[in-house]
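Asker: Please work out how this folds:
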Amino acid sequence: MAQPNHAGVAAEPKQSIAAFQRLLVATDFSSVSIAALSYAESLTNLYGKELLLTCVVSAGNASPPEPSAVFAAPEIGQAMAEDLEQLANQLRGRGIDARAILAEGPVADALEQLVQKEKPDLLVIGTHGARGLERLILGSTAEAILRKVSCPVLTVGPACGNITRKNLALQTIVYATVLRHPSETALRYAASLARAMHAHMQLVHAIDEINELPGPSLDMEAQSQLELMAEALKGSDSKVSVHRVYGEPVEGIIRRVIATKADLVVLGAERGRKLSAFLPAGVAYGLIRSAPCPVITLKKDGLYHRG
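Answerer: Below is the predicted model:
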């Protein structure tokens, strides 16, 4: 018999999906991290089995008035461990298999160490999407996490709006690429999600008309990705569509995401050099800052369930 959900309505039978079975959520109790936790709780309720909750305590970081999730840790001490455990208790009271883990050190390094130890399927974080000088203090750590952590990272950005248990749906998944930097890992991951969820998958190619005029080379790259996608979705009833968007890549992809009311964006990210987090924002960070839905980033050599 189906169990009632939080609104008292009978819930659908749970559909377990490998990519979401064990989630690691990083929080600092700010509004953006609470939004990320709410989304992770929804994924666990619908598709997962276990939720790991962590707060990274870094003595070298100062807390701003509205910190970004895990990007500026609160004071070190027993109080933080108690607050984290209390939050885990609240999750357990709502039927979630939750465990609290307090971590210490530089944020990206601490999270990667935790990923290597706990082997989560997905790290979930929130970010305020800082710009300009503020980004050097807060937003740069988001990029550091994307480039450092080896498992897939799901980011709930500031444009996601009010994501709750009641409106979570993964019916349309966008794989976004700028073609000159395609990611077979991300493409196969997006296709595996679409296959498992019977979702509509959109392959969105962003073409910068100033630097990348359409031609035989781009057509060959696009055809190669289409063949990979067809292979990954073979035998599936998932719908597939292919789109090209022109102009500035982030703007073009976001227009497509908004027009089709996409539920999730998947893209590849390269591991960065030591100071790469302080370079001008790239496509991945720009999408996270502007997307009205969560964004999953993967490394081409990362660890993930292949469905």
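
Asker: switch to C-alpha atoms for all contacts and neighbour counts from now on
Answerer: Will do.

Asker: which residues touch the one helix or strand residue 24 maps to?
Answerer: Assigned by DSSP states H and E, residue 24 falls within strand 22-26. Contacts to strand 22-26, defined as C-alpha atoms under 8 Å, 6 or more residues apart in numbering, come from residues 33, 36-37, 40, 44, 48-56, 69-70, 120-125.

Asker: Only C-alpha atoms, please: export the following helix or strand past it in CSV.
Answerer: Next in sequence after strand 22-26, counting helices and strands by DSSP H and E, comes helix 31-47. Taking Å, rounded to 0.1, in the frame of the first residue of the first chain, the C-alpha atoms of helix 31-47 are listed here in CSV:
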residue,chain,number,x,y,z
SER,A,31,18.4,30.1,2.5
VAL,A,32,20.2,28.8,-0.6
SER,A,33,21.4,25.6,1.1
ILE,A,34,18.0,25.0,2.6
ALA,A,35,16.5,25.1,-0.9
ALA,A,36,19.2,22.6,-2.1
LEU,A,37,18.4,20.4,0.9
SER,A,38,14.6,20.5,0.1
TYR,A,39,15.3,19.4,-3.5
ALA,A,40,17.7,16.6,-2.3
GLU,A,41,15.0,15.4,0.1
SER,A,42,12.5,15.3,-2.8
LEU,A,43,14.9,13.3,-4.9
THR,A,44,15.5,10.8,-2.0
ASN,A,45,11.8,10.4,-1.4
LEU,A,46,11.1,9.7,-5.1
TYR,A,47,14.2,7.8,-6.3
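
Asker: Against which helices or strands is helix 31-47 packed?
Answerer: If contacts are counted by 3 or more C-alpha pairs under 8 Å, 6 or more residues apart in numbering; DSSP states H and E, helix 31-47 sits against strand 22-26, strand 50-57, strand 122-126, strand 153-156.

Asker: repeat that for 7 Å
Answerer: Contacts defined by 3 or more C-alpha pairs under 7 Å, 6 or more residues apart in numbering; DSSP states H and E place helix 31-47 against strand 122-126.
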